[in-house]
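J.: sequence isn't available, so here's the structure alone:
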Ligand code: UDP
């Protein structure tokens, strides 16, 4: 049996990745401190509760399961919070990742798939972002992810670590079977907040900024379905298993949607009014983040077939109405 160590396997993207790994014949071993994750979301393999900065706990898990690879999702991921509490991001995301990389190398587990972000690019005057675009993060979240990319490159040179780095654009949607879904507490992401506002679980959504240099004045993002995203991770793992070596891939569709366009699509999908008001810009937000990349499609054979706004909102809405975690 091929075990894969999945950090953050109790979180939104990690739990979907565990499902995809199990479907592909791997055994996902979740390592998670449950600070934002849910033990209920760990359904496809064992859960080892622990913190990434706890080297002894990591050593025990590597020794017990002898994983063939690491998929590293565990991270703090809120732009706004990262601007208020940068220390949390450097400690958790950077120090935690460094400890994990050192433990993996010591255990001889040299294949590593890493969740990075388009926030590492920063604001680039509206250009489409591809993997060769220089990275100039404008918030502590992006900076912390960029630092981990550097760590992986350095350990590649010094210790032969092989890494597939995925720079995600905006991940949305949920498992269409309803086994796992998106459930953050507190929630800060646009689509789940909007669905909450639609069914009255929260007050009106606030649109952060309407004076950006975009067609309707609101920020533009490239949304990708979580199921498509995790499919790419399984392909990335196979890429490493095939000995193809370290590579960076953007995961986005190349289409950008403004906040107001997302609101319009949600109104159509749910057939309900979307209560919203306009507010100030959120510190750290980039104006436009859209992937110009075709690399994942060309090299991994990735086809993001669920990544239309309609399908993402439909799947998120189904989960929103039927799914939740208690613990
Ligand atoms: N956004 C918003 N109101 C909210 C949450 C988000 O207007 O309550 C906007 C945010 O400014 C950004 C987009 O929606 O332009 C996506 O934000 P999210 O937090 O979902 O993802 P991010 O782009 O920060 O990773």
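T.: Looks like it arrived, so ask away. These figures come from a predicted structure and were not determined experimentally. Numbers count the residues shown, from 1 in each chain.
J.: I'd like the average pLDDT over the longest helix seen in the chain.
T.: Looking across the chain with DSSP state H, the single longest helix is helix 140-159. Averaged across helix 140-159, pLDDT comes to 98.
J.: counting by contacts, list what that helix packs against.
T.: On a contact count with 3 or more Cβ pairs under 8 Å, 6 or more residues apart in numbering; DSSP states H and E, helix 140-159 meets helix 79-84, helix 86-89, helix 96-106, strand 111-117, strand 162-168. Quick note: C-beta positions are derived from backbone N, CA and C, even for glycine.
J.: residue of the stretch 201-327 of the chain closest to the ligand, please.
T.: residue 219 (3.0 Å; Cβ to the nearest ligand atom).
J.: I'd like to know how far that residue sits from residue 235.
T.: 30 Å (Cβ to Cβ, to the nearest Å).
J.: residue 5: how many residues sit nearby?
T.: Other residues near residue 5 number 27, with proximity taken as other Cβ atoms under 10 Å.
J.: element containing it, please.
T.: strand 3-7 (DSSP states H and E).
J.: tell me the mean pLDDT over that strand?
T.: 98.
J.: next secondary structure element downstream of it?
T.: Remark: after strand 3-7, the chain's next helix or strand is helix 12-23, criterion DSSP H and E.
J.: so what strands line up beside the helix or strand just after that following helix?
T.: The C-terminal neighbour of helix 12-23 among helices and strands, as given by DSSP H and E, is strand 27-32. Strand 27-32 has the following strand partners under DSSP bridges: strand 3-7 (parallel), strand 47-49 (parallel).
J.: return the most buried member of the ones you listed.
T.: Highest mean neighbour count of these: strand 3-7, a mean of 28 (counted as mean count of other Cβ atoms under 10 Å).
J.: quick check: angle from it to strand 111-117?
T.: On the basis of axes from the mean of the first three to the mean of the last three Cα atoms, to 10 degrees, strand 3-7 is oriented at 30 degrees to strand 111-117.
J.: what's opposite the closest residue to residue 221 other than its chain neighbours in the beta bridge?
T.: Closest residue to residue 221 apart from its sequence neighbours, by Cβ to Cβ, 6 or more residues apart in numbering: residue 170 at 4.4 Å. Counting by DSSP bridges, residue 170 is bridged to residue 223.
J.: and residue 170, how many neighbours?
T.: Count around residue 170 with other Cβ under 10 Å applied: 20.
J.: please apply the same query to the one 10 residues further on.
T.: Other residues within reach of residue 180 by the criterion other Cβ under 10 Å amount to 28.
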